[in-house]
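K.L.:
with the input below, show me the fold.
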Amino acid sequence: MTSHVSSLLVTGACGAVGRLVLPQLCRDQPARLTDRAAGEVEGVPVEAVDLLDFPALLQAMQGCDAVLHLAIASGREFPDRTHAPDAIAAFDTATLEVNTRGVYHLFEAARRAGVRRVIYMGSQTLFQGYPTARERARAGLPPCPVKLYAVTKWFGEEIGALYHRQYGLEVITLRLGQPYPLGTAHDAACFATAESRQWAVHRDDIVAGIQAALATPVPYAVCPLVSRGEPYSLDLSEGERIGYTPAYVFHPGGVEKI
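P.N.:
Residues are numbered from 1 along each chain as shown. Model (predicted):
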């Protein structure tokens, strides 16, 4: 798929999703990679640009045609965040900062710098409040988050919608499912239940979804970014509208190309 983007800036390049997809994505789409701290992704340099440092973010966006927003609060910095109260509180604070103030900075810097399009990586966790896999597969469900993280990702979607309405910024939100393969225990869980298969997304499909979001003439969309799941696959018609069709299906026995 041919991108209409001449200059792409990526935030959160050193995170799990960035390391999973950028080596493949950047073969076809040159990009300037950034993260809170400098680093590298398979030999490609990553510049230090903190979302909470608005002047630095604004400077980084100068001359960019599009932004791919992958940054979230880093779980690597809070290894006890699932059970230690102090770590949970610290991680929640970081999540609020990055996913609300940082995301506001992202859209405002994009507007001021004359960026044409923002691809915002959202989250399928917005729908975890629905009790069954079959129910969650219904089209048109309003968000029903059960965790602070999901609420902040919803906030990012709404900020994107606001900037599209008020300023004409092109915004494509991709509601990311559970990426596969990450080389962690999460990989096996992608096949375990109807729910997990419904939300799993193969690396190649993530890349294809981002490429579609870069190339589509559609100026605004909110799409699930998942592979096919058996049974109860999500309605992917909004993804098809921007040119995204998954190439992989997850079933009880594993994952295979369609």
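
K.L.:
CA atoms for contacts and neighbours, from now on please.
P.N.:
Noted.

K.L.:
what about the longest helix in the protein?
P.N.:
Using DSSP state H to define each element, the chain has its longest helix at helix 148-167.

K.L.:
what lies in contact with the lowest-mean-pLDDT helix or strand in the chain?
P.N.:
Ranked by mean pLDDT, DSSP states H and E, the weakest helix or strand in the chain is helix 133-136, scoring a mean of 77. Contact with helix 133-136 is made by Phe127, Gln128, Tyr130, Ala194, Glu195, Gln198, Tyr232, Leu234, as judged by Cα atoms under 8 Å, 6 or more residues apart in numbering.

K.L.:
one more pass at 10 Å, please.
P.N.:
For helix 133-136, the surrounding residues in contact (Cα atoms under 10 Å, 6 or more residues apart in numbering) are 124, 127-130, 141, 144, 193-199, 231-235.

K.L.:
buried ones among these?
P.N.:
Neighbour counting by 16 or more other Cα atoms under 10 Å classes 124, 127-128, 130, 144, 194-199, 231-235 among these as buried.

K.L.:
which pair in those spans the largest distance?
P.N.:
The largest separation in those, counting by Cα to Cα, is between Cys144 and Pro231 at 21.6 Å.

K.L.:
so where do the strands sit in the stretch 101-250 of the chain?
P.N.:
117-123, 170-176, 178-180, 200-202, 220-225, 228-229, 248-251 (DSSP state E, counting those that start in this stretch).

K.L.:
now those strands as a markdown table including mean pLDDT, mean neighbour count and distance to Arg36?
P.N.:
A markdown table is the format used below for those (pLDDT from 0 to 100; neighbours: other Cα atoms under 10 Å; distance: least, Cα to Cα, whole Å):
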| stretch | mean pLDDT | mean neighbour count | distance to Arg36 |
| --- | --- | --- | --- |
| strand 117-123 | 98 | 25 | 17 |
| strand 170-176 | 98 | 24 | 21 |
| strand 178-180 | 96 | 24 | 22 |
| strand 200-202 | 97 | 28 | 26 |
| strand 220-225 | 97 | 24 | 25 |
| strand 228-229 | 92 | 27 | 33 |
| strand 248-251 | 95 | 22 | 32 |
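
K.L.:
in a markdown table, list those along with distance to Leu70.
P.N.:
Listed next are the strands of the stretch 101-250 of the chain as a markdown table, based on distance: least, Cα to Cα, whole Å:
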| stretch | distance to Leu70 |
| --- | --- |
| strand 117-123 | 6 |
| strand 170-176 | 10 |
| strand 178-180 | 13 |
| strand 200-202 | 16 |
| strand 220-225 | 13 |
| strand 228-229 | 22 |
| strand 248-251 | 22 |
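
K.L.:
nearest to Lys153 among these would be which one?
P.N.:
Nearest to Lys153, of these and by Cα to Cα, is strand 117-123 at 5.8 Å.

K.L.:
and the closest one, how far from the chain's centre?
P.N.:
Remark: strand 117-123 is offset 6 Å from the chain centroid, using Cα atoms, centre = their mean, to the nearest Å.

K.L.:
one more: stretch 106-126?
P.N.:
11 Å.
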